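>>> model this:
(one chain, ligands or ions: 2)
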Amino acid sequence: MEKLIFLKYGELSTKKDNRGFFIKFLSDDIKKNLKDSVEIKYDLGRMFIIPNDNNFDNVINKLKNIFGIHEIIVAYKVNDRDVEFIGNTIVELLKEKKFKTFKVDVKRSDKNYPIDGMSLRKIFGGCILKNISDIKVDVNNPDITVHVEIRNKEVLIYFDSIKGIGGYPVGTLGKGILMLSGGIDSPVAGYLAMKRGIKLEGIYFESPPHTSEAALNKVKELAKKLAVYNNDIKLHIINFTEIQEEIYKNIPHEYLITIMRRMMYRISAIVAARSNAKIIVNGESIGQVASQTLTSMSAINEVVKIPVIRPVACFDKLEIIDLAKKIDTYETSILPFEDCCTIFVPDHPVINPEKEKCVEYEKLINYEDMIYTAVKNKTTIKITSEDKLEYQDLL
Ligand code: ATP
Ligand code: MG
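Ligands and ions are numbered 1, 2, ... in the order given. Below is the predicted model of the structure:
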């Protein structure tokens, strides 16, 4: 008897034409994540994962963080397809488990197997009842379901499945640029975008000396947390100081944030085009702050043609916080280091900015040259989930 893991793809399997494409992405992700710790085999449309060194817990924990996997199943494979042998093996496995009620579910992948499904269910059910005391059958709400799959050369026996995180394998839907600040919202937005199969690159706007090295390190740490799902993540770091200062000096303060965000969007769109990313993703949430009213979002959005996806647009803050805790970004996000927005926040930001005024005010600064310089001077780093960052020093 061999113990192994196989996966159920759920939503993926509905995409018939693209199935092979999705599964190739998924298996590449699995190989990157699990490296030499497993052997992967394919048979009759199933992907089997065999942990080396029998380290099932470790492998399952990693599989739980890979998008595209809906169920993780630990199964026992036997090569003898004799009914009596299968029945005895089931009993042997069940003796390790605590349950009062059960049902048997049989799948005959080999349609030529000489006994039909209904008879097999009865045979295995009878064998279990005969050999284990104080249990009974409950087909509606059993404590345990015994799954038996009769395949061409072997039989798989398995019980409960472990829930995966679902979604699509990262990269299958293309690439996006995530505006990643040090706040709570944008990492959550990034997670949700990755779940839809979008591979992300991050962009962070810093304004040294107004923003600190610690703020940048915090963003790197958040990128590292997202890298768990994205395999690795590129982070583009844009020096925003000159633009920020020029806006501050020349533009009426109630429009500071609106204009600043229009600049961020313009730069993100250029970086996206260069990275062949099809969308911008950010953590804007409707109504959360002055720059996130519908009028503000519209005045800001109009400077770019690329679609801007806002995965948390309709979540309230508590829902976002819940998710941030679940994906383990919350504790990092609430560290106190300022990102560039918070330093230049005016007392009374405009809630309903006028597009014409934005255009008029932007004429007061030479923003095209500054944007060109900022993009030219950007630094790009690659962060993996295993990188040792200086994060601990921040605490
Ligand atoms: P967050 O909690 O994600 O920081 P927020 O509620 O503070 O969001 P804003 O500061 O208005 O809201 O930012 C809205 C979105 O704009 C952020 O979620 C992020 O996607 C993007 N953003 C803001 N500041 C930066 C920055 N310095 N670098 C990159 N993206 C940024
Ligand atoms: Mg913020």
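>>> how near is whichever residue of the stretch 251-395 of the chain sits closest to ligand 1 to residue 179?
Distances between the stretch 251-395 of the chain and ligand 1 by Cβ to the nearest ligand atom are smallest at residue 283, namely 2.4 Å. The way it works is simple: take the backbone N, C-alpha and C, and place the C-beta from them, glycine included. Summarising the geometry, the distance separating residue 283 from residue 179, computed by Cβ to Cβ, to the nearest Å, is 7 Å.
>>> same deal with residue 239?
16 Å.
>>> hang on, the residue of the stretch 251-395 of the chain closest to ligand 1 packs against residue 188?
Yes - Residue 283 lies in contact with residue 188 (Cβ atoms under 8 Å); the separation is 6.7 Å.
>>> which residue is the nearest non-sequential neighbour of the residue of the chain found nearest ligand 1?
With distances taken as Cβ to the nearest ligand atom, the chain approaches ligand 1 most closely at residue 183, which sits 2.0 Å away. Distances taken as Cβ to Cβ, 6 or more residues apart in numbering put residue 333 closest to residue 183, at 5.9 Å, once the chain neighbours are dropped.
>>> OK, contacts around the one you found?
Applying Cβ atoms under 8 Å, 6 or more residues apart in numbering, one finds that residue 333 lies in contact with 182-184, 187, 218, 222, 324.
>>> all strands for the stretch 51-200 of the chain, in order.
For the stretch 51-200 of the chain, the strands defined by DSSP state E, counting those that start in this stretch occupy 71-78, 101-108, 136-137, 144-150, 155-163, 175-179, 199-206.
>>> pLDDT weak spots in the stretch 201-350 of the chain?
Within the stretch 201-350 of the chain, the ranges that satisfy pLDDT under 70 run 339-343.
>>> do that again at 90, thanks
230-232, 287-292, 336-349 (pLDDT under 90).
>>> tell me how many other residues surround residue 180.
28 (other Cβ atoms under 10 Å).
>>> follow-up on the earlier one: tell me, what's touching residue 283 and residue 188 both at once?
Listed as contacting both residue 283 and residue 188 by Cβ under 8 Å, 6+ apart are residue 312.
>>> who in the stretch 101-250 of the chain is up against ligand 2?
Contacts of the stretch 101-250 of the chain with ligand 2, taken as Cβ under 5 Å from the ion, map to 181, 183.
>>> for ligand 1, what are the nearby residues on the stretch 101-250 of the chain?
If contacts are counted using Cβ under 6 Å from any ligand atom, the residues of the stretch 101-250 of the chain sitting beside ligand 1 are 179-181, 183-186, 203-205.
>>> do that again at 5 Å, thanks
Contact residues of the stretch 101-250 of the chain with respect to ligand 1, defined by Cβ under 5 Å from any ligand atom, are listed as 179, 181, 183-186, 204-205.
>>> dump those residues into CSV; add neighbour count as well.
What follows is those, written out as CSV (neighbours: other Cβ atoms under 10 Å):
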residue, neighbour count
179, 22
181, 25
183, 20
184, 22
185, 24
186, 28
204, 26
205, 27
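>>> surely the residue of the chain closest to ligand 1 is in contact with residue 283?
Yes - shown here, residue 183 and residue 283 form a contact pair, counting by Cβ under 8 Å, at 6.5 Å.
>>> can you give me phi and psi for the residue of the stretch 51-200 of the chain found nearest ligand 2?
Per Cβ to the ion, residue 183 is where the stretch 51-200 of the chain lies closest to ligand 2, at 3.4 Å. Note on residue 183: its backbone torsions stand at phi -80, psi -170 [degrees, to the nearest 10].
>>> so that it lines up with my notes, have the first residue be 23 from now on.
Renumbered: residue one is now 23, and that last one reads residue 205.
>>> from residue 41, how far out is it?
With distances defined as Cβ to Cβ, the gap from residue 205 to residue 41 amounts to 38 Å.
>>> now do residue 197
Distance, residue 197 to residue 41, by Cβ to Cβ: 22 Å.
>>> OK, contacts around residue 281?
Neighbouring residues of residue 281 by Cβ under 8 Å, 6+ apart: 269, 273, 380, 383-384.
>>> ok, residue 318 - contacts?
Applying Cβ under 8 Å, 6+ apart as the definition, the contact partners of residue 318 turn out to be 280, 312, 372-375.
>>> what of residue 311?
Residue 311 makes contacts with residue 371, as judged by Cβ under 8 Å, 6+ apart.
>>> which strand or helix spans residue 379?
Taking DSSP states H and E as the definition, residue 379 sits inside helix 377-384.
>>> helices or strands up against that helix?
With contacts defined as 3 or more Cβ pairs under 8 Å, 6 or more residues apart in numbering; DSSP states H and E, the packing partners of helix 377-384 are helix 278-296, helix 316-323.
>>> of all those, which one comes closest to ligand 2?
Proximity of these to ligand 2 was assessed by Cβ to the ion; the nearest stretch is helix 278-296, lying at 10.8 Å.
>>> the closest one versus helix 377-384: what angle between them?
80 degrees (axes from the mean of the first three to the mean of the last three Cα atoms, to 10 degrees).
>>> buried residues in helix 278-296, which are they?
Of the residues in helix 278-296, 278-294 count as buried by neighbour count, 16 or more other Cβ atoms under 10 Å.
>>> and the contacts of whichever helix or strand comes after it?
Tracing the chain C-terminally past helix 278-296 and defining elements by DSSP H and E, one meets strand 301-303 next. With Cβ under 8 Å, 6+ apart as the test, strand 301-303 has contacts from 196, 198-201, 211-212, 215, 220, 222, 287, 290-291, 294, 326, 328-333.
>>> thank you, goodbye.
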